[in-house]
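Novice: Have a look at this fold, sequence not included:
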């Protein structure tokens, strides 16, 4: 099975940890490293800045929040990130469904073709000549 792009994996991690928040760049980098993605720091840093810190359409940086239970600052994903993961999942589902539909349509076309051939051959094979003899009565 083909694994998802690292950006989607990172976004999914952010969403899964949205309630408690996540620590930021290093936490995302560690998660991706554990999934065996081979990335440079600048790639993950760019993802963090563009998707978490300053998503599209925002003029100013977002601010991390501090939880009462933990003095460390945590980040929550913006709504755009949620939508991107949902869109990705829908595309994957649509591709899978279309491949299944294509498979079943080929089966249906094959059955229809076989039925056409059988219906054309059957009358030829099983038609018998019926002769009516005309007897003249005297």
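Specialist: Alright, I've got the coordinates. Source: prediction; values computed, not measured.

Novice: drop to CA atoms for contacts and neighbour counts, all remaining ones
Specialist: Noted.

Novice: what's the burial count for residue 57?
Specialist: 6 (other CA atoms under 10 Å).

Novice: Also residue 89?
Specialist: 14.

Novice: Would you mind pulling up the elements that the helix or strand in which it is found packs against?
Specialist: Element membership of residue 89 [criterion: DSSP states H and E] is helix 79-126. Applying 3 or more CA pairs under 8 Å, 6 or more residues apart in numbering; DSSP states H and E, we find helix 79-126 packed against helix 6-16.

Novice: what angle sits between the helix it packs on and helix 79-126?
Specialist: Helix 6-16 runs at 120 degrees relative to helix 79-126, counting by axes from the mean of the first three to the mean of the last three CA atoms, to 10 degrees.

Novice: Buried ones in helix 6-16, by neighbour count?
Specialist: By 16 or more other CA atoms under 10 Å, the buried positions in helix 6-16 come out as 6-15.

Novice: repeat for stretch 76-90
Specialist: Quick answer for stretch 76-90 (16+ other CA under 10 Å): 76-78, 81, 85.

Novice: Output these as a markdown table; include the columns distance to residue 43 and pLDDT.
Specialist: What follows is these, written out as a markdown table (distance: CA to CA, whole Å; pLDDT from 0 to 100):
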| residue | distance to residue 43 | pLDDT |
| --- | --- | --- |
| 76 | 20 | 84 |
| 77 | 18 | 86 |
| 78 | 19 | 87 |
| 81 | 17 | 91 |
| 85 | 19 | 95 |
